[in-house]
Every structure is written in structure tokens, then in C-alpha cells.
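S.K.: what follows is a protein structure lacking sequence information:
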């Protein structure tokens, strides 16, 4: 991972002092992480999280009084880029990921498993920072374009993404959203398909869908979003399901609940 601009501000929440110490020792040698607070109970955690807004939260699930999920209900989860659950009870795994936990450490975990979770957390935090900076840059570029193209007062309209800033190895490049053919779900990422190229982006499908113009992009299935300009045709299968075929021949499943919406947006009678 490239050197980060500033240390990751981490917070440890666990009612067991030894468990907190174990995480503290694993983080001690990492110069990219700064432990800003520790909490031994859920109520203490809520107060410290709201006060400090950490970048990374190590959160024990099973705590007396207020457990990890109760803590999340009391805070603004969107302010924390990365959450790693730590617990001895693996039956909580499914619910952990339902609240968008980055990872799940099952006690006792080894150094390698911890390092993997921390590495993923750093990547997510860095991508969140890139996205934040890119939004500022896009706003600046769009404001400049509006002032150049039209001296008249701009008509208020919803702001949707026009470009994505992509970090690849040691370089950063800009991708116009109109160049994207389709977007697929890929674990914690989304995969952008443009031409013969693909790129992974640390976003959820829901997050990216909300940022795209709904008149140009449609989520046709829980695992895919298409650029409507790339849709060539739609085929019905014998079982009543439909498949969307893109101009490059890519076939994607179409949810029955989205079929009418797709036809309306395409404004075509060929289907």
C-alpha cells in the first residue's frame, strides 16, 4: 500500500482488557496507525466515538449491557470509514456484514489474519479519502464548465457523478461515467467495465447507484448496473426470466421487477 497522507485514527472497543491489549500490541509497530482511544463498555464507546470520529473501529460484539450492535445504533456509522468486528462468537458473522462491517475477526486470531483485516481497512479508508477529494475536484471542474458554457444562472438540478477518479498502482486517472459499460458487484468492491478494461472500486453497489444519473444508469439486478446507452436488446428465457444484451455482447440477468422500468427508460418498442 502506498504511504498514507496521515495516520489512520483507530479506536479499540472491548470489555476484556487483555483483548484490548492484544490489538494494541499488534498496532504498536505500525507507523500508519494511531490509537486515539479505547473503551471497555458500549456506553463508553458511544461517547468516545461521537467525540473523536475515528477512521477505524475495532469493535467487540459480545459485551455486557450494550453490545457492539447496540453501539452502532447509537452512532452515525457513515462517519466511520472502516469497522472490524472482533468476537469469540461466530454466529454473529452474518449480522455483522449486514451492518457493513469491513471484516470479522474471530477470537483467537493470529497475526496474519489481523494483518489482512488491517490491510483491507487501510485500503477502504484511503479510497474514502480519494473519493472525498475527488468530489471536491469534480465540483470545481463542473462549476468551471458551467461558467464557461453559460453565463446565465444555472438551473438547480440534482448533482450526479460525471467522472470517477481511479487510483491504479502509482498513478491516478479520471474516467467519465459515460465511458462505463456496466458495473458489477465484487465482494467489498464494485467492478467497473469500460471497453476491454475493468477496475475495482471500493464502494458498495448501493452507494454508487445513488451517485449515478438514474436516467442514464439502471440497476437491473442486485449485482449489476448498466449504462442504458450500451443496451442492445433484451431476451426472454423459457422460464420467464430476461437477459439484457449489451452492444459488446455481454449478457446480464434482468430482475423481473426492473423489466418495466428498463423498457420505459429505453423508450423503445423493439422489446
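M.R.: Thanks, I have it. Here the structure is a predicted model, which means the values were calculated and not measured. Numbers count the residues shown, from 1 in each chain.
S.K.: surely residue 223 and residue 185 touch.
M.R.: Yes: using C-beta atoms under 8 Å, residue 223 is in contact with residue 185, at 4.2 Å. Backbone N, C-alpha and C define where each C-beta goes, glycine included.
S.K.: now list whatever residues contact both of these two.
M.R.: residue 205 (C-beta atoms under 8 Å, 6 or more residues apart in numbering).
S.K.: please report how far residue 210 lies from residue 74.
M.R.: 24 Å (C-beta to C-beta, to the nearest Å).
S.K.: over to residue 12?
M.R.: The gap separating residue 12 from residue 74 is 18 Å, by C-beta to C-beta.
S.K.: those two: who's more crowded?
M.R.: Ranked by neighbour count (other C-beta atoms under 10 Å), residue 12 and residue 74 place residue 12 first, with 25 against 15.
S.K.: partner residues bridging the more buried one?
M.R.: Taking DSSP bridges as the rule, residue 12 bridges to residue 38, residue 58.
S.K.: what residues sit buried inside stretch 26-41?
M.R.: By neighbour count on 16 or more other C-beta atoms under 10 Å, the buried set for stretch 26-41 is 26, 27, 32, 33, 35, 36, 37, 38, 39, 40, 41.
S.K.: looking at those residues, which is nearest residue 189?
M.R.: Nearest to residue 189 among those: residue 32, at 21.2 Å, using C-beta to C-beta.
S.K.: on that earlier part again, let's have the buried residues of stretch 26-41 in JSON lines, adding pLDDT, secondary structure and distance to residue 103.
M.R.: Converted to JSON lines, the buried residues of stretch 26-41 look like this (pLDDT from 0 to 100; DSSP: H, G, I helix; E, B strand; the rest coil; distance: C-beta to C-beta, whole Å):
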{"residue": "26", "pLDDT": "94", "secondary structure": "helix", "distance to residue 103": "14"}
{"residue": "27", "pLDDT": "94", "secondary structure": "helix", "distance to residue 103": "15"}
{"residue": "32", "pLDDT": "92", "secondary structure": "coil", "distance to residue 103": "17"}
{"residue": "33", "pLDDT": "94", "secondary structure": "strand", "distance to residue 103": "15"}
{"residue": "35", "pLDDT": "95", "secondary structure": "strand", "distance to residue 103": "18"}
{"residue": "36", "pLDDT": "95", "secondary structure": "strand", "distance to residue 103": "20"}
{"residue": "37", "pLDDT": "95", "secondary structure": "strand", "distance to residue 103": "20"}
{"residue": "38", "pLDDT": "96", "secondary structure": "strand", "distance to residue 103": "19"}
{"residue": "39", "pLDDT": "95", "secondary structure": "strand", "distance to residue 103": "19"}
{"residue": "40", "pLDDT": "95", "secondary structure": "coil", "distance to residue 103": "22"}
{"residue": "41", "pLDDT": "95", "secondary structure": "coil", "distance to residue 103": "23"}
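S.K.: end-to-end on stretch 243-251?
M.R.: Terminal residues of stretch 243-251 lie 6 Å apart, using C-alpha to C-alpha, to the nearest Å.
S.K.: which parts of the stretch 101-250 of the chain are helices?
M.R.: With DSSP state H, counting those that start in this stretch as the criterion, the stretch 101-250 of the chain has helices at 111-149, 205-211.
S.K.: packing partners of the shortest one?
M.R.: Same thing as helix 205-211. When contacts are defined as 3 or more C-beta pairs under 8 Å, 6 or more residues apart in numbering; DSSP states H and E, helix 205-211 sits against strand 182-186, strand 217-221, strand 224-227.
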